[in-house]
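Chemist: Got a sequence here, can you model it:
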Amino acid sequence: MKYIVANWKANKNLEQVNQWLETFSKNYRQKENVTVIIAPPFPFLQEVVSFSKETKNIYVAAQNLAQFDEGSYTGEVSAKSLEGLVDYVILGHSERRKYFNETDETISQKVELAHKDQIKTILC
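Modeler: Sure thing, here's the model as predicted:
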């Protein structure tokens with residue numbers, strides 16, 4: 001199985017997301033043994049989730065999740081909140097390690113939480 005992961009990082013506004021999805025929809029041709037995963041910024045997860053339900057073999061990834069199960073962590077997104085919404089989560093990205101000082105221990109905690117809530121991990 002081959003994977004194509006479109007990590008949008010901190011790019012696009014709502015209009016650009018809708019334009020991208022429209023263009024992609026017109027040009028996408030499903031290939032055997034290829035899984036396509038789209039990882040939009042958190043504000044656009046629902047648009048991409050809705051799109052993925054209408055398009056065969058398209059999956060959605062969160063770009064990150066919190067190292068905490070739940071609680072008073074303003075601005076964080078828990079695996080529990082993402083359960084049933086996304087198929088995958090990207091963890092351990094070099095930018096998260098560099099700019100947010102994430103360690104192997106922190107990433108390990110996130111992986112455990114993702115698996116607990118049935119989210120597959122893309123470990124960088």
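
Chemist: can we go C-alpha only for contacts and neighbour counts from here?
Modeler: Fine.

Chemist: need the strands for the protein, in chain order.
Modeler: Remark: strands assigned in the chain by DSSP state E are 2-7, 34-39, 58-62, 88-91, 120-123.

Chemist: Go ahead and confirm residue 2 touches residue 35.
Modeler: Yes - look at residue 2 against residue 35 with Cα atoms under 8 Å: they come within range, at 6.2 Å.

Chemist: When the two are compared, which one has more neighbours?
Modeler: Using other Cα atoms under 10 Å, the more surrounded residue of residue 2 and residue 35 is residue 35, with 16 against 10.

Chemist: distance of the closest residue in space to the more buried one that isn't next to it in sequence from residue 56?
Modeler: Closest residue to residue 35 apart from its sequence neighbours, by Cα to Cα, 6 or more residues apart in numbering: residue 3 at 4.8 Å. Per Cα to Cα, to the nearest Å, residue 3 is found 14 Å from residue 56.
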